[in-house]
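K.L.:
Could you work out the structure for the sequence below:
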Amino acid sequence: MCSAPTTSINLRDRIVGIEQKVPLLDGRMVPYVNLDNAASTPALRDVADAIERFLPYYSSVHRGTGFKSRLSTVAYDQAHEIILRFVGADPETNTCIFGKNSTEALNKLAYRFPLEADAVIITTQMEHHSNDLPWRSRAKVVHIRTTADGRFDEDDFDQQLAKYGERVALVAVTGASNVSGFIQPIHRLARKAHAAGAMFLVDAAQLAPHRAVDMKADDDPEHLDFVVLSAHKMYAPFGTGALIGPQEIFLQGPPEYRGGGTVDIVTLDEVTWAGMPDRDEAGSPNVIGAVAMAAAIQVLMDVGMDHVAAHEEALIAYTLQHLGRIPGVKIYGETDPAQAHVKVGAIPFNLEGVSHFLLAAILGYEGGIGVRSGCFCAHPYVVHLLQLDEVEAGSWRQQMLNGDKSNMPGMVRMSFGCYNNEDDVDRLLEMVERVARGDYNGDYRLDRATGEYTPANYADPLAQHFLLQAH
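P.N.:
Residues are numbered from 1 along each chain as shown. Okay, here's the model as predicted:
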């Protein structure tokens, strides 16, 4: 790991497809600018190379006696160890469970976490649906408010923690918002949760690719009891999520998925469940995904998360400084370039008089720029940031129930990876300025069922680039 942080790193050459050209509406081909990393990141070249080296040896894991099985088993087990090391977890007392993504990891914990009948789970208004909906079927869920500009309201947290006291079994918070990018004071919150007798979970899907995550020692008051990671947001898009937490929790009771690999002994009348993590990784695991995730994490550890953070903070500051100057642009959340350190690189904004769906479409079709628009699987938080009253919110909800998403509120979100640079931001700024002037070429048509805009009389030349079967 490098010895000191710097405000500039260059990982562009280590990204698969960084110079990939894509077609524009006017027929030109331009290098793609990916500013949709909060949704999914591209693969690191190191990850693609590791998979290419591993594939000839890929085989079944655990109990296979052939050389390829033995090698694959060791690689799969090493992947668990690397993820534990990445978050500073004690491997003697904690386990790493692989699943298909962070959503599955959170649902697994919601199923496996022991809860009393009157238990309370505290989460926040800013959560991704994946760290909210799974808990609602298990216990009373209390959502901590956010301030008008979308920051975590710690005063409300203190009040709710005191109100529900010993009933609070778990505090589950996002490490960094996938909408505003705001970073939460997770260790301070963990200390407060533990003092109240609760355990503490961090959904680190958005935090871990951008900042160091340290679970701390098990007996540290600021210890993070559970951490969830998502490989496809960490430059390893091969379908893996990881749930890290204390073995003792998962050794209680049977797993929710039962079958191959989860048992030590089975008779017609009895079952003896396997140890960790086997009992919670039912069936043939995604060995390729685990190896890919570990390979990506090794790169991030080698580069140093302090370097990644410093590079991103400089890019956030640059973007806030210039995006905010464009007439008609409204940025949500943090707007002060000097406060770039309080967030990760997700910047939501709107352009006055232009649908977020339309702006995102123009950026893609005419700028070759990938962003995302909508509510980002965080509907309550986005509605709050937009300051919609209940009448407005109720109106669009009813329209959506009637199959019309044309007035669905939302934002455009640009989001950075460790490889993005000021040139990428400048491409976006130029296009937003053009749209603000009405300087775009397409005749865009609205699909009311999806809310999306597409240019009239244009057919994407997808088959010229990649399809499983050309039509």
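K.L.:
Excluding covalently adjacent residues, which one is nearest to residue 186?
P.N.:
The shortest distance from residue 186 to any non-neighbouring residue, by C-beta to C-beta, 6 or more residues apart in numbering, is to residue 202 (5.3 Å). In this view, the C-beta of every residue, glycine as well, is placed from N, C-alpha and C.
K.L.:
On the pLDDT front, check that neighbour for me.
P.N.:
What the model reports for residue 202 is a pLDDT of 98.
K.L.:
Checking it next. Helix, strand or coil?
P.N.:
When classified by DSSP: H, G, I helix; E, B strand; the rest coil, residue 202 comes out as strand.
K.L.:
who does it bridge with?
P.N.:
residue 173, residue 227 (DSSP bridges).
K.L.:
And for it, the neighbour number?
P.N.:
Close neighbours of residue 202, defined as other C-beta atoms under 10 Å, add up to 29.
K.L.:
wait, doesn't it sit right on residue 227?
P.N.:
Yes - counting by C-beta atoms under 8 Å, residue 202 touches residue 227, with 5.2 Å between them.
K.L.:
Mutual contacts of these two, please.
P.N.:
residue 213 (C-beta atoms under 8 Å, 6 or more residues apart in numbering).
K.L.:
wouldn't residue 60 be in contact with residue 71 here?
P.N.:
No - if you go by C-beta under 8 Å, residue 60 and residue 71 don't touch, sitting 11.2 Å apart.
K.L.:
which stretch of helix or strand covers residue 350?
P.N.:
Here residue 350 sits within strand 346-351, counting by DSSP states H and E.
K.L.:
Now do that strand: distance to the chain's middle.
P.N.:
Strand 346-351 sits 17 Å away from the centroid of its parent chain (C-alpha atoms, centre = their mean, to the nearest Å).
K.L.:
What is that strand packed up against?
P.N.:
Other helices and strands packing on strand 346-351, by 3 or more C-beta pairs under 8 Å, 6 or more residues apart in numbering; DSSP states H and E, are helix 305-323, strand 329-331, helix 356-367, strand 411-415, helix 422-436.
K.L.:
Compute the distance between the closest residue to residue 347 other than its chain neighbours and residue 195, please.
P.N.:
Closest residue in space to residue 347, ignoring its immediate chain neighbours: residue 414 at 5.2 Å, by C-beta to C-beta, 6+ apart. In this view, residue 414 and residue 195 are 39 Å apart by C-beta to C-beta, to the nearest Å.
K.L.:
between these two, who's got more neighbours?
P.N.:
More crowded of residue 414 and residue 195, by other C-beta under 10 Å: residue 414, with 28 against 10.
K.L.:
so what's the more buried one scoring on pLDDT?
P.N.:
Note on residue 414: pLDDT of 98.
K.L.:
which ones are touching it?
P.N.:
Residues counted as contacts of residue 414 (C-beta under 8 Å, 6+ apart) are 35-36, 319, 346-347, 349, 371, 425, 428.
K.L.:
Quick check: of those, which has the highest neighbour count?
P.N.:
Busiest of the contacts of residue 414 [other C-beta under 10 Å] is residue 347, holding 31 neighbours.
K.L.:
so residue 166 makes contact with residue 196?
P.N.:
Yes - using C-beta under 8 Å, residue 166 makes contact with residue 196 at a distance of 7.4 Å.
K.L.:
And these two? Which one has more around it.
P.N.:
Neighbours per residue (other C-beta under 10 Å) separate residue 166 from residue 196, with residue 196 holding more: 16 against 12.
K.L.:
Now do the same for that one: its pLDDT.
P.N.:
97.
K.L.:
Wait, it touches residue 167, no?
P.N.:
No - counting by C-beta under 8 Å, residue 196 sits too far from residue 167 to count as a contact (9.5 Å).
K.L.:
Just the strands from the stretch 1-150 of the chain, written as ranges.
P.N.:
Here the stretch 1-150 of the chain has its strands, by DSSP state E, counting those that start in this stretch, at 21-23, 29-31, 33-34, 94-99, 120-124, 140-144.
K.L.:
so what strands line up beside the fifth one?
P.N.:
Right, the one you point to is strand 120-124. If you go by DSSP bridges, strand 120-124 pairs up with strand 140-144 (parallel), strand 168-174 (parallel).
K.L.:
and what of the first one?
P.N.:
Counting by DSSP bridges, the strands paired with strand 21-23 are strand 29-31 (antiparallel).
K.L.:
Report how many residues lie close to residue 223.
P.N.:
Neighbour count of residue 223, defined by other C-beta under 10 Å: 21.
K.L.:
let me redo that: residue 178
P.N.:
27.
K.L.:
any low-confidence regions in the stretch 251-400 of the chain?
P.N.:
Residues of the stretch 251-400 of the chain meeting the criterion pLDDT under 70: none.
K.L.:
rerun at 80
P.N.:
Scanning the stretch 251-400 of the chain for pLDDT under 80 picks out the ranges 393.
K.L.:
all helices for the protein, in order.
P.N.:
45-54, 67-86, 102-112, 133-136, 154-164, 186-195, 247-250, 287-303, 305-323, 356-367, 379-385, 390-401, 422-436 (DSSP state H).
K.L.:
Next, the buried residues of the longest one.
P.N.:
Which is helix 67-86. In terms of neighbour count (16 or more other C-beta atoms under 10 Å), helix 67-86 has its buried residues at 69, 71-73, 75-76, 79-80, 82-84, 86.
K.L.:
Check the fifth one too.
P.N.:
For helix 154-164, the neighbour count (16+ other C-beta under 10 Å) marks 156-157, 160-161, 164 as buried.
K.L.:
Also the fourth one?
P.N.:
Residues of helix 133-136 classed as buried under the neighbour-count rule (16+ other C-beta under 10 Å) are 133-135.
K.L.:
and it, how far from the chain's centre?
P.N.:
Chain-centre distance of helix 133-136: 18 Å, with C-alpha atoms, centre = their mean.
K.L.:
which other helices and strands contact that helix?
P.N.:
helix 102-112.
K.L.:
chain center to the helix it packs on: distance?
P.N.:
Computed by C-alpha atoms, centre = their mean, the separation of helix 102-112 from the middle of its chain amounts to 15 Å.
K.L.:
that older thread, quick one, what contacts the residue nearest to residue 186?
P.N.:
Contact analysis of residue 202 by C-beta under 8 Å, 6+ apart lists 173-175, 186, 213, 224, 226-228.
K.L.:
what's the overlap in contacts for residue 196 and residue 167?
P.N.:
By C-beta under 8 Å, 6+ apart, residue 196 and residue 167 have no common neighbours.
K.L.:
re the thing from before, any chance of JSON lines for the strands paired with strand 120-124, columns mean neighbour count, mean pLDDT and distance to residue 463?
P.N.:
As requested, the strands paired with strand 120-124 are arranged in JSON lines below (neighbours: other C-beta atoms under 10 Å; pLDDT from 0 to 100; distance: least, C-beta to C-beta, whole Å):
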{"stretch": "strand 140-144", "mean neighbour count": "18", "mean pLDDT": "98", "distance to residue 463": "46"}
{"stretch": "strand 168-174", "mean neighbour count": "25", "mean pLDDT": "98", "distance to residue 463": "39"}
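K.L.:
Distance to residue 459 added to these, as a markdown table?
P.N.:
Below are these laid out as a markdown table (distance: least, C-beta to C-beta, whole Å):
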| stretch | distance to residue 459 |
| --- | --- |
| strand 140-144 | 44 |
| strand 168-174 | 39 |
